[in-house]
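1. Have a look; sequence and predicted model below, questions after that.
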Amino acid sequence: MLSLWPVSGGVTYTAGTGLSLAGSAFSIDATVATLSGTQTFTNKTFTTPALGTPVSGNLVSCTGLPVASGVSGFGAGVITALGLAASGASGAIVLTTSPALVTPLLGTPTSGTLTNCTGLPVATGISGLGTGIATALGSAVSGSGAIALVTSPTFVTPALGAASATSLTAFQAILSSGATAGVGYSTGSGGTVTQTVSKVTGATLNKINGAITLASTAIAAFSGVTGYTTVSFTLTNSAIAAADNIIVAHSSGGTAGSYDISVNAIAAGSCQISVRNVTAGILSEAIVVTFTVLKGATS
């Protein structure tokens, strides 16, 4: 502001804001910005100024600097990364070497070495396992030693429980400690057959064990001349081998203790079963004879 006041004897000059007065010469003081020269400003507020290229500056209290165009010197891709949303994450920015990540969502890494990692869930964290493997690996371990595979595993004193198999080859004794169970054949392994015509008529039953109901024809009584009367018939059975042992018994039907049952002529596919009347009377009873084949060998 420039003020001129007429007074008697002359003019009085007064320098207002932004001006300085030396005698009768006015000049702009440091509070006024000029378009040329160098000036130092204190606590000035600029509205949308075009700063050009400042030689220096302190931006501690500045805001709104655009990352994409306002900062130079970033490495490739850094500006783009800084402009992305944080996706709900928190914490500090990490660098490529030895970063410590807390519960990160890694997506699908193209590679990685998990030697020092822990906590990978078997059920969902591993792919390529066979059917049932993840479930088995997640179950409690019973026993000790290595994992066994299906072909020719070697077990040491295993508790097999109720094993189901087509065959079992043992190189040591097979023992049972069950008070009401033992070693033998289960349901499904046996069968039945009924003899026709007479007690010397052959019967066929291709089972490892079973029951034969004999015809009710008579067996003569003991004679002082001919002794005990014995009748025999052939059991045809593909389960019998020449080296096998066969157990026979009078299990039911007829008079208990009146018969002596035996087996002989064991051959591949057949044997001969003999029934003797050991009483003094004629017996015409349809007795039931059971048999069990025990597998044997001669070498």
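-> On my side now, so go ahead. Numbers count the residues shown, from 1 in each chain.
2. now the helices for the protein?
-> Taking DSSP state H as the criterion, the chain carries its helices at 67-70, 78-82, 122-125, 133-137.
3. Quickly note the distance from the residue nearest the centre of the chain to Thr108.
-> Centroid-nearest residue in the chain, with Cα atoms, centre = their mean: Ala134, separated by 0.6 Å. Separation of Ala134 from Thr108 (Cβ to Cβ, to the nearest Å) stands at 20 Å. (C-beta placed from N, C-alpha, C; glycine too.)
4. Check Pro54 too.
-> Separation of Pro54 from Thr108 (Cβ to Cβ): 46 Å.
5. related to what we said a few turns ago, my guess is the residue nearest to the centre of the chain meets Gly128, correct?
-> No - with contact defined as Cβ atoms under 8 Å, Ala134 does not reach Gly128; the gap is 10.4 Å.
6. all strands for the stretch 101-250 of the chain, in order.
-> If you assign secondary structure with DSSP state E, counting those that start in this stretch, the strands in the stretch 101-250 of the chain sit at 190-194, 203-204, 209-213, 229-236, 245-252.
7. looking at those, which is buried most?
-> Sort those by mean neighbour count, taking mean count of other Cβ atoms under 10 Å, and strand 209-213 sits at the top with a mean of 19.
8. In terms of secondary structure, what does that strand contact?
-> Contacts defined by 3 or more Cβ pairs under 8 Å, 6 or more residues apart in numbering; DSSP states H and E place strand 209-213 against strand 190-194, strand 288-294.
9. Run through the stretch 151-299 of the chain and note the low-pLDDT ranges.
-> The stretch 151-299 of the chain contains no residues with pLDDT under 70.
10. hmm, 80 instead?
-> Scanning the stretch 151-299 of the chain with the threshold set as pLDDT under 80 gives 159-170.
11. Tell me how many other residues crowd Ala85.
-> Neighbouring residues of Ala85 were enumerated by other Cβ atoms under 10 Å; the total is 6.
12. Tell me the bridge partners for Ile28.
-> Judged by DSSP bridges, the bridge partners of Ile28 are Leu19.
13. Next, format the helices and strands packed on strand 209-213 as TSV and append distance to Pro104.
-> As requested, the helices and strands packed on strand 209-213 are arranged in TSV below (distance: least, Cβ to Cβ, whole Å):
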stretch	distance to Pro104
strand 190-194	65
strand 288-294	67
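14. show me what contacts the nearest residue to Ala297 once chain neighbours are set aside?
-> On the basis of Cβ to Cβ, 6 or more residues apart in numbering, the spatially nearest residue to Ala297 that is not a chain neighbour turns out to be Ala243, at 5.3 Å. With contacts defined as Cβ atoms under 8 Å, 6 or more residues apart in numbering, Ala243 is in contact with Gly296, Ala297, Thr298.
15. Columns distance to Phe26 on top of the strands of the stretch 101-250 of the chain, output as JSON lines?
-> Compiled in JSON lines, the strands of the stretch 101-250 of the chain are given as follows (distance: least, Cβ to Cβ, whole Å):
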{"stretch": "strand 190-194", "distance to Phe26": "132"}
{"stretch": "strand 203-204", "distance to Phe26": "141"}
{"stretch": "strand 209-213", "distance to Phe26": "134"}
{"stretch": "strand 229-236", "distance to Phe26": "142"}
{"stretch": "strand 245-252", "distance to Phe26": "139"}
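16. and Ala267, which of the ones you listed is closest to it?
-> Put simply, out of the strands of the stretch 101-250 of the chain the one that sits nearest Ala267 is strand 229-236, at 9.7 Å, with distance taken as Cβ to Cβ.
17. Strand partners (parallel or antiparallel) of the closest one?
-> Partners of strand 229-236 in its sheet, by DSSP bridges: strand 203-204 (parallel), strand 270-277 (antiparallel).
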